[in-house]
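Enquirer: Take a look and give me a structure for this.
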Amino acid sequence: MTYQYAFHVEDVTCEKCDARIKDALIALPGIQAIDYVRTPENEARVHCVSTEALSSLQIEESIAQKSAGTTHQYRVRWDHA
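Expert: Here you go, the predicted model:
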C-alpha cells in the first residue's frame, strides 16, 4: 500500500532551501518518491509517496526543523481536494 501527500512549503527561496526540504522528506519513513517544484511565490509545491502512513505533524515538524539556524521559517500548507 502507498500513501500520497500533497502540500506547499512556504518561505522557500533558493537551492539551499530546496535541498533542506528534500532532506527533511527523505528522512521520513517509507518515502519512495518526491515531486518537488519551487514556485515564483517563494513556495515549493510538493507531492510525495510513502509506503508508510505519516501524520501531518510528522511531515510539518520534519520540514520546520530544517529552518532552524537559517533566516527561513518553513511552514507546510496542505492541499485539500
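Enquirer: Which residue ranges of this structure form helices?
Expert: Along the chain, the segments classed as helices by DSSP state H run 15-26, 56-65.
Enquirer: which stretch among the ones you listed comes nearest Glu41?
Expert: Of all those, helix 15-26 sits nearest to Glu41, with 13.2 Å by C-beta to C-beta. In this view, the C-beta of every residue, glycine as well, is placed from N, C-alpha and C.
Enquirer: now the closest one and helix 56-65, what's the angle there?
Expert: Orientation of helix 15-26 against helix 56-65 (axes from the mean of the first three to the mean of the last three C-alpha atoms, to 10 degrees) gives an angle of 150 degrees.
Enquirer: and helix 15-26, how far out from the chain's middle?
Expert: 8 Å (C-alpha atoms, centre = their mean, to the nearest Å).
Enquirer: I'd like the average pLDDT over that helix.
Expert: What helix 15-26 shows for mean pLDDT is 97.
Enquirer: Same check on stretch 33-45?
Expert: What stretch 33-45 shows for mean pLDDT is 96.
Enquirer: Which positions in it come out as buried?
Expert: By 16 or more other C-beta atoms under 10 Å, the buried positions in stretch 33-45 come out as Ile34, Arg38, Glu43, Ala44, Arg45.
Enquirer: Which members of those are the farthest-apart pair?
Expert: Within the buried residues of stretch 33-45, two members stand farthest from each other by C-beta to C-beta: Ile34 and Glu43, at 15.4 Å.
Enquirer: Mind listing the residues bridging to Val9?
Expert: Beta bridges link Val9 to Ala44, Val76, judged by DSSP bridges.
Enquirer: count of neighbours near it?
Expert: Neighbour count for Val9, taken as other C-beta atoms under 10 Å: 29.
Enquirer: any idea what sits nearest Ala64, other than its immediate chain neighbours?
Expert: The spatially closest residue to Ala64, leaving aside those adjacent along the chain, is Tyr74, at 5.7 Å (C-beta to C-beta, 6 or more residues apart in numbering).
Enquirer: Surely the one you found touches Val9?
Expert: Yes: contact criterion C-beta atoms under 8 Å: Tyr74 and Val9 qualify, at 5.3 Å.
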